[in-house]
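**Q** I need the structure of the sequence given here:
(chains A and B)
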Protein chains: 2
Amino acid sequence: MTQSPESGPDFSKSELMPAIAQDAATGEVLMMAYMNAESYAETVETGRAVYYSRSRNKLWRKGEESGNVQKVHAIYLDCDRDTILLKVDQIGGAACHEGYKSCFFRQVTPEGLEVIAERVFDPSDVYGKK
Amino acid sequence: MTQSPESGPDFSKSELMPAIAQDAATGEVLMMAYMNAESYAETVETGRAVYYSRSRNKLWRKGEESGNVQKVHAIYLDCDRDTILLKVDQIGGAACHEGYKSCFFRQVTPEGLEVIAERVFDPSDVYGKK
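**A** Okay, the predicted model is just below:
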């Protein structure tokens, strides 16, 4: 599939671009990670979210270890084409490696951070005990 | 209000942190911008979204020119405390300077980018003709 450069994110601005994953059914924001051109291309091609891990310096095929892949329903770009929004179906019900549906499971309150979600899984069951 | 460092974003990792603004009522993702420690503190204190403009290198009080401020209903942090999620009430109905409710008004399709939203306002009416 040949497309003009304007049909995708503008990676000429930045090699890494924020990508927001939102639950396609509920609209809940699940996580934010980064994509490079290669991970974006693989996401489009496979229909599964592929990010770029800044800590590991390599492609991060979300769910490759846990099995909790993200099936991509739709991809949107912002006005500057430098942020990506994915609507996804989160297999396993939890996007966060800490076992919560969303990585945004803590709310800022005057008393400090408050956990506002229930754990979907125990991380040690999914990733193995350390 | 004195809080432990763990009660807010971890700006020791990065001076600028992505902040996602989500419509508090509908869950629609409106935009993503960046915050530094100062803009985050002012957001918490005033209850209005204040970002940091990377292009202008200064605080960006969202709506300071257009009047379309964002009233902040709730703030969440992700598992690494390096991404911020705001639930906001977008005054004026449009977060995007191009006049759309959301900056993510274009969907990636096999035929290219497709505009999937209606304009709420004409940018030239709000920002003046150039």
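**Q** Measure how buried residue A:33 is and give me the count.
**A** Number of residues near residue A:33 (other C-beta atoms under 10 Å in any protein chain shown) recorded here: 24. Backbone N, C-alpha and C define where each C-beta goes, glycine included.
**Q** Quick check: bridge partners of it?
**A** With DSSP bridges as the criterion, residue A:33 is bridged to residue A:19.
**Q** That one: what's it in contact with?
**A** When contacts are counted by C-beta atoms under 8 Å, 6 or more residues apart in numbering or on different chains, residue A:33 touches A:18-19, A:21, A:51-53, A:60, A:62.
**Q** do you know how far it is from residue A:81?
**A** With the distance defined as C-beta to C-beta, to the nearest Å, residue A:33 ends up 18 Å from residue A:81.
**Q** quick one: low-confidence ranges for chain A?
**A** Low-confidence segments of chain A, defined by pLDDT under 70, are located at A:1-5, A:128-130.
**Q** So which residues on it come close to chain B?
**A** Residues of chain A lying close to chain B by C-beta under 8 Å from any C-beta of the partner chain are A:1, A:3-4, A:6-8, A:18, A:20, A:22, A:26-29, A:31-32, A:44, A:74-80, A:83, A:85, A:96-98, A:100, A:103-108, A:110, A:112-113, A:116.
**Q** What's the ChimeraX line that selects buried ones from those residues?
**A** Here is the ChimeraX command that selects the buried residues among these (16 or more other C-beta atoms under 10 Å in any protein chain shown):
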select /A:7,8,18,20,22,28,29,31,32,44,75,76,77,78,79,83,85,96,97,98,100,103,104,105,106,107,108,113
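**Q** List the ones among the residues of chain A next to chain B that fall in strands.
**A** The strands in this structure, assigned by DSSP state E, contain A:18, A:20, A:22, A:29, A:31-32, A:74-77, A:85, A:106-108, A:112-113 from the residues of chain A next to chain B.
**Q** and residue A:126, how many neighbours does it have?
**A** Applying other C-beta under 10 Å, we find 16 residues neighbouring residue A:126.
**Q** Of all the residues in chain A, which one is nearest chain B?
**A** Using C-beta to the nearest C-beta, residue A:27 is the residue of chain A that sits closest to chain B, at 3.1 Å.
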